[in-house]
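Asks: My questions concern the predicted model and sequence given below.
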Amino acid sequence: MFGFDTEKMSQMMDTYVIPWGINIVMAIAIYFIGKVIVSVLVNLLSKIMTRSQYDDMLIDFVKAIARAVLMLFVIIAALDQLNVNTTSLAAILAAAGLAIGLSLQGSLQNFAAGVMLLVFKPFKAGDFIEAGGAMGVVKSISIFTTIMTSADNKEIIVPNGAIYGGNITNYSAKETRRVDMVVGIGYNSDLKKAKEILKEMLAADERILKEPAPTVAVGELADSSVNFVVRPWVATADFWAVKFDFTEAVKLRFDAEGISIPFPQMDLHVHKEG
């Protein structure tokens with residue numbers, strides 16, 4: 001009933017079925033073997049970055065990007081084995097990438113800045129910093145933003161582009177800090193006595209480091225006071241406690257010793273014309 005041409009069937013097998021079957025098998029092999037190779041390469045990259053002590057968030061992000069890019073090459077290679085025009089596909093992907101990049105220009109800037117912050121580590125979680133027009137303790141660093149907590153417990157979310165594009169002051173970077181204070185006394189007070197009292201108070205505070213030695217010196221003969229510069233070195237964690245405690249202690253001690261701390265005032269002289 002139905003004609004069956006063995007020669008045509010054999011020709012079809014040789015021309016289409018067998019070559020396409022081989023191509024499909026090869027494409028599948030390329031995909032699965034490529035997938036295994038990608039996993040090996042990504043794991044190797046992860047171990048290298050972990051050994052170099054990069055941030056876990058950066059490691060996870062780089063792994064995801066590397067896996068996606070490498071798998072894209074594997075898929076293109078598999079499609080090429082199936083005689084798919086991968087040149088057109090690559091052009092479409094490039095055009096789409098360009099369009100997305102232009103529409104997300106600000107986000108990409110924050111992303112690039114986030115990567116740089118995670119790589120170079122100018123600060124870490126827990127550091128007290130001033131950057132991007134904000135000041136606070138770093139809570140977390142993500143790819144696009146850095147979250148800080150202010151001194152009065154407000155959450156501040158700063159774009160990484162604003163941080164990396166400006167000055168970064170890390171108050172927690174060093175183990176020690178110098179406390180800069182100015183203490184004024186009246187011109188009628190005993191200057192040498194006041195200086196010795198300040199030195200004695202510094203020596204009595206165990207939080208103040210012996211090295212570098214603290215500085216107590218006359219810094220200025222101001223309009224209504226003689227100003228001492230008082231500059232002790234302390235552990236970074238003790239900075240504010242020492243500053244506040246010492247300021248209060250100076251007032252109490254000077255009052256007890258009869259040394260005046262002047263305040264701005266104006267003397268008014270009235271002349272009567274007789």
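Replies: Looks like it arrived, so ask away.
Asks: Ala151 reaches Gly136, doesn't it?
Replies: Yes. Between Ala151 and Gly136 a contact is recorded at 6.9 Å, counting by CB atoms under 8 Å. The way it works is simple: take the backbone N, C-alpha and C, and place the C-beta from them, glycine included.
Asks: more crowded one of those two?
Replies: Gly136 (22 against 10; other CB atoms under 10 Å).
Asks: what kind of secondary structure is the nearest residue to the more buried one once chain neighbours are set aside in?
Replies: Counting by CB to CB, 6 or more residues apart in numbering, Gly136 lies nearest to Met148, which is 3.5 Å off, once chain neighbours are set aside. The three-state assignment at Met148 reads strand, by DSSP: H, G, I helix; E, B strand; the rest coil.
Asks: And Phe254, by the same measure?
Replies: Secondary structure of Phe254, per three-state DSSP, is helix.
Asks: and if you look at Lys193?
Replies: helix.
Asks: quick one: it from Glu200, how far?
Replies: 10 Å (CB to CB, to the nearest Å).
Asks: who has more neighbours, those two?
Replies: Neighbours were tallied for Lys193 and for Glu200 using other CB under 10 Å; the higher tally belongs to Lys193 (14 against 10).
Asks: wait, doesn't the more buried one sit right on Ile259?
Replies: Yes. With contacts counted by CB under 8 Å, Lys193 reaches Ile259, the gap being 6.9 Å.
Asks: Please verify my assumption that Thr146 contacts Val158.
Replies: Yes. If you go by CB under 8 Å, Thr146 and Val158 touch, sitting 5.2 Å apart.
Asks: quick one on the thing from earlier: do you know the pLDDT at the residue nearest to Gly136?
Replies: Note for Met148: predicted pLDDT of 96.
Asks: likewise Trp20?
Replies: pLDDT at Trp20 comes out at 73.
Asks: Compute the distance between it and Leu82, please.
Replies: Trp20 is 8 Å from Leu82, by CB to CB.
Asks: Same check on Gly219?
Replies: 81 Å.
Asks: likewise Leu252?
Replies: For Leu252 relative to Leu82 (CB to CB), the value is 87 Å.
Asks: which of those two has more neighbours?
Replies: Set Leu252 next to Leu82 and count neighbours by other CB under 10 Å: Leu82 wins out with 14 against 9.
Asks: residues in contact with the more buried one?
Replies: Counting by CB atoms under 8 Å, 6 or more residues apart in numbering, Leu82 makes contact with 23-24, 27.
Asks: Can you pull the phi and psi angles for it?
Replies: phi -90, psi 10 (degrees, to the nearest 10).
Asks: Packing partners of whichever strand or helix holds Ile48?
Replies: According to DSSP states H and E, Ile48 maps onto helix 18-51. When contacts are defined as 3 or more CB pairs under 8 Å, 6 or more residues apart in numbering; DSSP states H and E, helix 18-51 packs onto helix 56-81.
Asks: Give me the angle between the helix it packs on and helix 18-51.
Replies: 170 degrees (axes from the mean of the first three to the mean of the last three CA atoms, to 10 degrees).
Asks: So for helix 56-81, what gets flagged as buried?
Replies: 58-59, 61-62, 67, 70-71, 74-76, 78-81 (16 or more other CB atoms under 10 Å).
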